[in-house]
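K.L.:
Here is a sequence together with a model predicted from it:
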Amino acid sequence: MKIMAVDYGDSHTGLACCDRTETLASPLGVINEKNFNICVEKVAAASVEYEVGLIVVGNPINMNGSEGPRSQLCRQFADLLQNYVEVPVVMWDERSTTVTAHQMMNDVNKRGKKRKEVIDAVAAAVILENYMAWRANHKEET
């Protein structure tokens, strides 16, 4: 099944998608939208365009495991998104994904404006890779 991951941000929301075999996660791009509701609508439209069967929204849980204001906002995003789509929307712990995405960009020496344009999509791909790894090892729970 194709799965889409969302790294929600106030201005830039990264999207990534995997292939039907759930083997490879690839960045799709970034939605540059500050309006919360319009961003949800654009993510919903992307999920239809890419024919996904599941949407994973990154949940920025605090390092101590608690949910702060940012996590609550992402949960609101996922809840509203569920009203727009016919596929399941799940939350996934995204701790340290942006750090990992920055390290990946360092590894390929992508800097400056080009880096800023893709970092959120790369973070979404990291979220998706982590979710797919969990899913592969927990088939009975999915």
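P.N.:
Thanks, I have the structure now.
K.L.:
and the helix ranked longest in the chain, what does it pack onto?
P.N.:
Using DSSP state H, we find that the single longest helix of the chain is helix 112-137. The contact analysis (3 or more CB pairs under 8 Å, 6 or more residues apart in numbering; DSSP states H and E) places helix 112-137 against strand 3-7, strand 12-18, strand 25-32, strand 54-59, strand 89-93, helix 97-107. Every residue, glycine included, has its C-beta placed from N, CA and C.
K.L.:
Those: which one's closest to residue 46?
P.N.:
strand 12-18 (5.8 Å; CB to CB).
K.L.:
contact partners of the closest one?
P.N.:
2-7, 24-33, 39, 42-43, 46, 50, 52, 119-125, 127-128, 132 (CB atoms under 8 Å, 6 or more residues apart in numbering).
K.L.:
How many residues are close by residue 10?
P.N.:
11 (other CB atoms under 10 Å).
K.L.:
right, and it touches residue 33 too?
P.N.:
No - using CB atoms under 8 Å, residue 10 is not in contact with residue 33; the gap is 9.5 Å.
K.L.:
about what we covered before: out of the contacts of strand 12-18, which end up buried?
P.N.:
2-7, 25, 27-28, 30-31, 33, 39, 42-43, 46, 52, 119-125, 127-128, 132 (16 or more other CB atoms under 10 Å).
K.L.:
shaky segments in the chain?
P.N.:
Filtered on pLDDT under 70, the chain yields the residue ranges 96-117, 141-142.
K.L.:
One more pass at 90, please.
P.N.:
For the chain, the stretches with pLDDT under 90 are 61-68, 94-123, 136-142.
K.L.:
Confirm that residue 86 sits in a strand.
P.N.:
No - using DSSP: H, G, I helix; E, B strand; the rest coil, the secondary structure at residue 86 is coil, not a strand.
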